[in-house]
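> Any chance you can model this:
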Amino acid sequence: RLTEIIGSKIGLFGKSLSSNESLVEWVEAETAMKAAIYHTKQLSQSWISILSNDIHRRSMGSLMNTIFNLYLTECFRADSISEPASHLVCSIFRSGMQGGIDVTKDDMSGCLAWNRFSAVGRFMEMSLADINVALADGVFRSITGGELTHLIEATFSDSDKRKKLLEALASE
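Got it, this is the predicted structure:
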């Protein structure tokens, strides 16, 4: 059901990220995240008294994985990500992360996509210099080199700084 709630709303989200203006797809993506978190919280409250703590944690983590992976897929599909869109993605991802923390009672160990989702959310608010520092700090360990390269190429215009960062990524 979560896939239906989100999937139908964010099907064109990745393609809309190249826009410099707010689009219906942006509003739908925000709404879909809020709806997914709401429904997941409802399930969590219903299941908490029925399931053991471990099964509840894993179940909620699995549901959050589904949500996070749908959004991650759209970001990795985007050919171009404008600056306003990167701020929107950052906001949606922050909302998703806070919702995930609420749903899982701050135990994200059952959510395998947590680190990837967090890293992409952080990426969206970074400059090239910030990304370079974050690379050294291991912030992007959960993202493949190809995924990170794609995000950099989609988000930042061609420049010497971008070329140097991409060369550094390719050499690792």
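> can you map out the helices along the chain?
2-10, 13-16, 24-47, 53-77, 83-103, 114-123, 128-137, 145-155, 160-171 (DSSP state H).
> how about the ones you listed in a markdown table, adding mean neighbour count and mean pLDDT?
In this view, the C-beta of every residue, glycine as well, is placed from N, C-alpha and C. Formatted as a markdown table, these follow (neighbours: other CB atoms under 10 Å; pLDDT from 0 to 100):
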| stretch | mean neighbour count | mean pLDDT |
| --- | --- | --- |
| helix 2-10 | 17 | 77 |
| helix 13-16 | 21 | 86 |
| helix 24-47 | 17 | 92 |
| helix 53-77 | 19 | 93 |
| helix 83-103 | 18 | 95 |
| helix 114-123 | 21 | 97 |
| helix 128-137 | 14 | 95 |
| helix 145-155 | 17 | 96 |
| helix 160-171 | 12 | 93 |
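> Next up, the contacts around the residue most central in space within the chain.
What sits nearest the mean C-alpha location of the chain, by CA atoms, centre = their mean, is F117, with 3.8 Å. Under the criterion of CB atoms under 8 Å, 6 or more residues apart in numbering, the neighbours of F117 are 68, 71-72, 93, 96-97, 100.
> just M97 next, same as before
114, 117-118, 121.
> any idea how far A85 lies from G121?
13 Å (CB to CB, to the nearest Å).
> hey, what's in contact with both of those two?
In terms of CB under 8 Å, 6+ apart, A85 and G121 are not both contacted by any residue.
> which one is G110 nearest to, not counting chain neighbours?
Nearest residue to G110, sequence neighbours excluded (CB to CB, 6 or more residues apart in numbering): G61, at 2.3 Å.
> Isn't that neighbour up against C111?
Yes: using CB atoms under 8 Å, G61 is in contact with C111, at 3.9 Å.
> Next one: the closest residue to A113 other than its chain neighbours from K41, what distance?
Nearest non-adjacent residue to A113, counting by CB to CB, 6+ apart: F68, 4.0 Å away. Using CB to CB, we find F68 at a distance of 15 Å from K41.
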